[in-house]
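Asks: need the 3D shape of this:
(one chain, ligands or ions: 2)
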Amino acid sequence: MTTPTKTQLGSKHPADTPSIIKLTNITFAYPGSENKVLDCLNLDIKSGDRIGMMAPNGSGKTTLLHTIMGLCKPETGGIEVLGTPMETEKDFTRIRSRVGLLFQDSDDQLFCPTVLDDVAFGPLNLGYSRQQAIDTSRKMLKNLGIEEFEQSVTHRLSGGQKRLVALAAVLAMSPAILLLDEPTAGLDVAVKKKLIHILNHLEITYFVISHEFDFLNAVADKVYSMDNGKILTDDEIHIHRHEHIHKHGKHPHVHK
Ligand SMILES: Nc1ncnc2c1ncn2[C@@H]1O[C@H](COP(=O)(O)OP(=O)(O)O)[C@@H](O)[C@H]1O
Ligand SMILES: [Mg+2]
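Replies: Ligands and ions are numbered 1, 2, ... in the order given. Predicted coordinates for the structure are as follows:
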């Protein structure tokens with residue numbers, strides 16, 4: 001028997017586990033800004049990973065996901081998706097259906113008149129026949145328990161309902177990985193619980209951004225953070241619930 005290397009122990013993966021997303025030395029600033037939102041950032045998401053990400057507002061989490069999708073173009077560095085280097089817009093177009101991004105704002109994702117149209121849009125784009133796209137979409141709506149909204153007008157749904165429809169639309173493409181940008185924001189407890197149940201029963205690699213400790217605790221195997229444009233992995237940080245005693249415990253207060 002060979003002794004596992006530190007890398008193998010740290011990543012908890014067999015050495016030959018394939019990477020789904022690999023970012024190497026990525027640097028990105030928005031046009032006209034000096035601020036390097038991503039600064040020599042490295043990230044390796046392996047098949048089967050369920051990674052959570054918790055970091056302050058403005059630290060670059062959304063920018064990171066948009067960079068993976070080819071929506072933000074880095075100044076330097078390499079992006080590999082499913083083992084293929086992303087070099088041209090064509091490369092990104094080809095893999096975009098394999099990488100399912102759930103946008104921070106569902107209104108950025110949903111633009112069709114009805115729920116069924118929205119969910120079927122991706123499969124139709126992949127070349128499914130109308131009937132195949134409808135069948136796949138119905139199956140996905142049923143899996144998520146929202147089949148009763150099939151004919152609803154998407155933009156009239158509640159925030160939580162829209163989030164689930166957007167998730168159905170992403171999953172209908174059978175992506176190899178899900179990138180979820182603050183999926184619990186604005187959700188009530190019941191929908192949050194449903195989302196936890198869904199994620200725990202999906203056999204898919206995912207990377208999920210959230211500010212909610214309990215949510216990440218329920219859906220992620222490890223939690224990363226971001227600071228100064230770089231990823232901090234679970235070896236480098238310790239995320240914990242903040243518990244403390246107050247003399248006048250029921251008064252609202254601010255942590256500094
Ligand atoms: N379209 C944009 N143009 C210019 N600056 C932006 C744009 N989007 C985000 N930023 C800036 O980039 C930084 C990171 O933003 P973002 O990736 O949205 O952070 P997070 O998702 O962690 O809250 C912030 O300082 C934000 O103001
Ligand atoms: Mg964000």
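Asks: can you pull out the helices in this structure?
Replies: For the chain, the helices defined by DSSP state H cover 6-11, 61-68, 89-95, 115-125, 130-143, 159-171, 189-201, 213-219.
Asks: so which of those is nearest Asp227?
Replies: helix 61-68 (11.3 Å; Cβ to Cβ). Every residue, glycine included, has its C-beta placed from N, CA and C.
Asks: elements contacting that closest one?
Replies: strand 19-28, strand 38-46, strand 76-81, strand 99-102, strand 177-181, strand 205-209 (3 or more Cβ pairs under 8 Å, 6 or more residues apart in numbering; DSSP states H and E).
Asks: switch to 6 Å and redo it
Replies: strand 177-181 (3 or more Cβ pairs under 6 Å, 6 or more residues apart in numbering; DSSP states H and E).
Asks: is the strand it packs on anywhere near ligand 2?
Replies: No - judged by Cβ under 5 Å from the ion, strand 177-181 makes no contact with ligand 2; its nearest approach is 5.9 Å.
Asks: what are the pairing partners of that strand, and which direction each?
Replies: Using DSSP bridges, the strands paired with strand 177-181 are strand 99-102 (parallel), strand 205-209 (parallel).
Asks: which residues does the residue in the stretch 1-150 of the chain that ligand 2 sits nearest to contact?
Replies: Taking Cβ to the ion, ligand 2 has its nearest neighbour within the stretch 1-150 of the chain at Thr62, 3.2 Å off. Thr62 sits next to 104, 181 when contact means Cβ atoms under 6 Å, 6 or more residues apart in numbering.
Asks: distance check, Leu38 against ligand 1.
Replies: Per Cβ to the nearest ligand atom, to the nearest Å, Leu38 is found 9 Å from ligand 1.
Asks: count the neighbours of the closest residue to that residue other than its chain neighbours for me.
Replies: In space, and not counting its chain neighbours, Leu38 is closest to Phe28: 4.2 Å by Cβ to Cβ, 6 or more residues apart in numbering. Using other Cβ atoms under 10 Å, Phe28 has 22 other residues around it.
Asks: contact residues of the stretch 51-200 of the chain facing ligand 2?
Replies: So far as Cβ under 5 Å from the ion goes, the stretch 51-200 of the chain lies against ligand 2 at 61-62.
Asks: residue contacts, Gly160?
Replies: 187-188, 191.
Asks: closest to ligand 1 out of those?
Replies: Leu187 (17.6 Å; Cβ to the nearest ligand atom).
Asks: could I get the contacts of Gly160 as JSON lines with distance to Thr76?
Replies: Converted to JSON lines, the contacts of Gly160 look like this (distance: Cβ to Cβ, whole Å):
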{"residue": "Leu187", "distance to Thr76": "37"}
{"residue": "Asp188", "distance to Thr76": "43"}
{"residue": "Val191", "distance to Thr76": "40"}
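Asks: out of those, which end up buried?
Replies: 187, 191 (16 or more other Cβ atoms under 10 Å).
Asks: in a markdown table, list the contacts of Gly160 along with pLDDT.
Replies: Formatted as a markdown table, those follow (pLDDT from 0 to 100):
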| residue | pLDDT |
| --- | --- |
| Leu187 | 88 |
| Asp188 | 88 |
| Val191 | 89 |
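Asks: among the contacts of Gly160, which one sits closest to ligand 2?
Replies: Closest to ligand 2, out of all of these and judged by Cβ to the ion, is Leu187, at 15.8 Å.
Asks: just name the shakiest helix or strand of the chain by mean pLDDT.
Replies: Ranked by mean pLDDT, DSSP states H and E, the weakest helix or strand in the chain is helix 6-11, scoring a mean of 38.
Asks: rewinding a little: from ligand 1, how far out is the residue of the stretch 1-150 of the chain closest to ligand 2?
Replies: Remark: distance between Thr62 and ligand 1 (Cβ to the nearest ligand atom) = 3 Å.
Asks: which pLDDT does the model give that residue?
Replies: Listed pLDDT for Thr62 reads 97.
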